[in-house]
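1. Fold the following.
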Amino acid sequence: MSRPQKAEKRDACTNFTELLSPKNKQQKHKDPHTWYDYLQSEKRAPGGPRDALGAYIENPESFSSNVIVYQNQNFVAIRDRYPKSTLHLLLLPRDLSKTRLHPFDAFDDPEFLENVRVEVKKIRALAAAELRRMYGKESAQEKRRYDALDVKFPPDELPSGRDWEKEVMCGIHSGPSMNHLHIHVMSVDRYSERMKSKKHYNSFSTPFFVDVDDFPLPQDDPRKYFKRQGYLQWDYICWRCERNFGNKFAEFKGHLEEEFNEWKRQ
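-> Numbering: from 1, shown residues only. Got it, this is the predicted structure:
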């Protein structure tokens, strides 16, 4: 390769023009590779749809009971507007010093993280009870329990039945799509009309989704470099049987329905 010829002296007008060129604009904003870069990107600017969760935190009383699951001084629990499983809730902390932090930063506070864990335990139990209501009568593991309830004089202590809490996943996205801190609490089935893309599925089925119990994360945890890891571009891999569907979305969606029906009946 030949060496470039010595550049001629450029005047101030030329320098100014080059600074405004599309090439330089592209260089100015690098792809976010860490959670810090992600928060600093223009897409994370306050206002607009990405701030929509703020209204639930500030004034949950203005929303119907179909949306608000419960509220207390420190948290609001809501139904996700665009659920990616048959049961999908969001837990929203109300601590103003934490609500606009990335979870990687917010959960560095041990006291706050413990408060979140206590609340997650509470909402996980509520979600499990709802799953039992939704699918208990279809589940083979619940048969003895429902048979005991059907007799004239039910026993004082019912068979334990299916452990529905194990069917609930609770965690955050390493690259959240909304500005306010939120924890996803959802059934493991990933079966929903709102599941429409690889990004949707992989955001809940790869290390992009970080379980609350995994915190605090080590400083060098690869999930902090989610963009570099390319989690959202991974193949469609079934959460239940681990079959790889590559990029065949339509086929994969049909498979998810089959797995959902088998899952709820197990």
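2. helices and strands around the longest helix belonging to the chain, which ones?
-> The longest helix of the chain (DSSP state H) is helix 110-135. The contact analysis (3 or more Cβ pairs under 8 Å, 6 or more residues apart in numbering; DSSP states H and E) places helix 110-135 against strand 68-71, strand 75-79, strand 88-93, strand 168-173, strand 183-187. Where you see a C-beta, it was placed from the backbone N, CA and C, and this is true even at glycine.
3. mind redoing it with 7 Å?
-> Applying 3 or more Cβ pairs under 7 Å, 6 or more residues apart in numbering; DSSP states H and E, one finds that helix 110-135 contacts strand 88-93, strand 168-173, strand 183-187.
4. Of all those strands, which one comes closest to residue 110?
-> Comparison of those against residue 110 by Cβ to Cβ identifies strand 88-93 as nearest, at 14.8 Å.
5. So what are the sheet partners of that closest one and their directions?
-> strand 75-79 (antiparallel), strand 183-187 (antiparallel) (DSSP bridges).
6. got a list of contacts for that strand?
-> Strand 88-93 has contacts (Cβ atoms under 7 Å, 6 or more residues apart in numbering) with 53, 56-57, 69, 74-80, 99, 116, 119-120, 123, 127, 180-186.
7. Pull the number of nearby residues for residue 169.
-> Applying other Cβ atoms under 10 Å, we find 20 other residues in the vicinity of residue 169.
8. repeat for residue 237
-> Neighbours around residue 237, by other Cβ under 10 Å: 16.
9. With residue 182 instead?
-> The tally of other residues near residue 182 (other Cβ under 10 Å) stands at 24.
10. Please renumber the chain so that the first residue is 576 from this point on.
-> Understood, numbering begins at 576; the last thing we discussed is residue 757.
11. Enumerate the beta-bridge partners assigned to the nearest residue to it once chain neighbours are set aside.
-> In this structure, residue 757 finds its nearest non-sequential neighbour in residue 665, 4.8 Å apart by Cβ to Cβ, 6 or more residues apart in numbering. Beta-bridge partners recorded for residue 665 (DSSP bridges): residue 653, residue 759.
12. Give me the pLDDT value at residue 665.
-> At residue 665, the predicted lDDT confidence score is 98.
13. swap in residue 605?
-> So residue 605 comes in at 43 (pLDDT).
14. Now, of the contacts of strand 663-668, which are buried?
-> Taking 16 or more other Cβ atoms under 10 Å as the criterion, what is buried in the contacts of strand 663-668 is 628, 631-632, 644, 650-653, 655, 674, 691, 694-695, 698, 702, 755-761.
15. I'd like the strands paired with strand 663-668 as JSON lines, with mean pLDDT and distance to residue 680 appended.
-> Below are the strands paired with strand 663-668 laid out as JSON lines (pLDDT from 0 to 100; distance: least, Cβ to Cβ, whole Å):
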{"stretch": "strand 650-654", "mean pLDDT": "98", "distance to residue 680": "18"}
{"stretch": "strand 758-762", "mean pLDDT": "98", "distance to residue 680": "15"}
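16. In JSON lines: these, plus distance to residue 803.
-> Output for those, formatted as JSON lines (distance: least, Cβ to Cβ, whole Å):
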{"stretch": "strand 650-654", "distance to residue 803": "32"}
{"stretch": "strand 758-762", "distance to residue 803": "23"}
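17. So for residue 745, which of these sits nearest?
-> Comparing these by Cβ to Cβ, strand 758-762 comes nearest, at 5.0 Å.
18. what does that closest one rub up against?
-> 659-666, 691, 695, 698-699, 702, 706, 742-747, 787.
19. what's downstream of that strand, the next helix or strand?
-> Per DSSP states H and E, the first helix or strand lying C-terminal to strand 758-762 is helix 773-777.
20. what packs against that following helix?
-> Judged by 3+ Cβ pairs under 7 Å, 6+ apart, helix 773-777 is in contact with no other helix or strand.
21. in the next helix or strand along the chain from the longest helix of the chain, what counts as buried?
-> Using DSSP H and E, the helix or strand that follows helix 685-710 in sequence is helix 718-725. Judged by neighbour count (16+ other Cβ under 10 Å), helix 718-725 contains these buried residues: residue 720.
22. Can you name every helix or strand that helix 718-725 contacts?
-> Helix 718-725 packs on no helix or strand, going by 3+ Cβ pairs under 7 Å, 6+ apart.
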